[in-house]
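Asks: Here is a sequence together with a model predicted from it:
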Amino acid sequence: MGKFDKDKDNKDVECEHGENSNHDGNSCGCGNEEAHHGYHHDKDEDSCGCGSGHGEEGEGESCGCGSGHEGEGHGKNPFDEQSPIKGVKNIIAVASGKGGVGKSTFSVNLAISLAQQGKKVGLMDADMYGPSVPMMMGINQRPELTDAKRIVPIEKYGVKLMSLGFLIPEDAPAIWRGPIVMQVTTQFLRDVEWGDIDFLVVDLPPGTGDIQLTLVQTVPINFAIVVSTPQDISLIDAKKALGMFDKVNVPVFGIVENMSYFVCPHCGKRSDIFKHGGAKTAAEKLGVNFLGEIPIIEDICELSDAGEPFMTKDKNNEVKAVFGKISDALILRAEQRS
């Protein structure tokens, strides 16, 4: 077993100009998007209108947007190759419509909460453009490789972890086109030695793009959780995330309102900085479960920056109660499914 070496162990992606695009945050720069990963399509032809360019007449390929549209001829369902990860019982996708709502903080603390309940847990950081799990978990090391060249996830706080942040420098941007991001996402699902775990929490990037589609087309998702803040602008995008999961037939477990309110640590006065209750109202209108409110607490931000997740601290308060309630509900639902 050896350490992961990004120069030797990352799979090269060669473009038609003979240059490589390695998983070190650099692309070949040739500007030929279709050359990478054998990704070819006619840009002038489109099928369902999603803008992907897939599903050209005669080829019969589905665009992959989840709309169900297919080209004429012998259509191919993009979900045909979906299969479970060996040893992984349940996959939880944590999503948000927009960035900055605390989705990664939620994912980290949810994973730890499940582990504290005695469950075997993995956390996959699927935000390739802004991986934050390494910092939040206080990890600055590379994963090891098995003799079969499979990546061994790093373990901390009882959670197995995989993130692009383990493989590239902290300040290095991942300047990647969709096909490369899709391949790395698939590798994190298929080429990581997750082992036997009860819950794999997948921290998705904001939006409804390539990574989300790759995830749902590669593995079956058992639970989707959408994180929002109370503002209307966040709720609009959260509804898009909910709509995406509905379109691709992923069961939505519920929506949680983060940064719901602030309680002054000095005087105890409560302030609804970003309004309050919008996510609960949206959940009721959309017919999905409302999972709870997480307030703004100074400790959460400071501990996350220090690599010490809030759930690892001996603090008995309303935040830990919310995560405990969500974990209990997930465990119960998973037991009912099995």
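Replies: Now that the structure is in, tell me what you want to look at. Keep in mind the model is a prediction, meaning the values are calculated, not measured.

Asks: Let's test this: mean pLDDT of the top helix by length along the chain, rounded?
Replies: Counting by DSSP state H, the longest helix found in the chain is helix 318-337. In this model, helix 318-337 has a mean pLDDT of 95.

Asks: quick one: buried residues of it?
Replies: By 16 or more other C-beta atoms under 10 Å, the buried positions in helix 318-337 come out as Val319, Lys320, Val322, Phe323, Ile326, Ser327, Ala329, Leu330, Ile331, Ala334. In short, each C-beta sits where N, CA and C put it, glycine included.

Asks: Also stretch 80-94?
Replies: Those would be Ile85, Val88, Lys89, Asn90, Ile91, Ile92, Ala93, Val94, for stretch 80-94 by 16+ other C-beta under 10 Å.

Asks: Then stretch 149-161?
Replies: Buried residues in stretch 149-161, counting neighbours by 16+ other C-beta under 10 Å, are found at Ile151, Val152, Pro153, Ile154, Lys156, Tyr157, Val159, Lys160, Leu161.

Asks: May I ask which helix or strand of this structure has the lowest mean pLDDT?
Replies: When the helices and strands of the chain are scored by mean pLDDT, DSSP states H and E, strand 13-14 comes last with a mean of 36.

Asks: any idea which residue of this protein is furthest from its center?
Replies: What lies farthest from the middle of the chain is Cys267; by C-alpha atoms, centre = their mean that is 37.5 Å.

Asks: For that one, report the pLDDT, please.
Replies: Model confidence at Cys267, expressed as pLDDT, equals 86.

Asks: check which helix or strand covers it.
Replies: Using DSSP states H and E, Cys267 maps to neither a helix nor a strand.

Asks: A strand includes Glu293, no?
Replies: Yes. Membership of Glu293 in a strand is supported by DSSP: H, G, I helix; E, B strand; the rest coil.

Asks: Could you find the closest non-adjacent residue to it?
Replies: In this structure, Glu293 finds its nearest non-sequential neighbour in Ser260, 3.7 Å apart by C-beta to C-beta, 6 or more residues apart in numbering.

Asks: quick one on the thing from earlier: dump the residue contacts of the residue farthest from the centre of the chain.
Replies: With contacts defined as C-beta atoms under 8 Å, 6 or more residues apart in numbering, Cys267 has no neighbours.

Asks: where's it relative to Leu114, distance?
Replies: Using C-beta to C-beta, to the nearest Å, we find Cys267 at a distance of 35 Å from Leu114.

Asks: Go through stretch 118-132 and flag the buried ones.
Replies: For stretch 118-132, the neighbour count (16+ other C-beta under 10 Å) marks Lys119, Lys120, Val121, Gly122, Leu123, Met124, Asp125, Ala126, Asp127, Met128, Pro131, Ser132 as buried.

Asks: How far off centre is the longest strand seen in the chain?
Replies: Secondary structure of the chain per DSSP state E: the longest strand is strand 252-263. Mean C-alpha position of strand 252-263 versus that of the full chain (C-alpha atoms, centre = their mean, to the nearest Å) differs by 18 Å.
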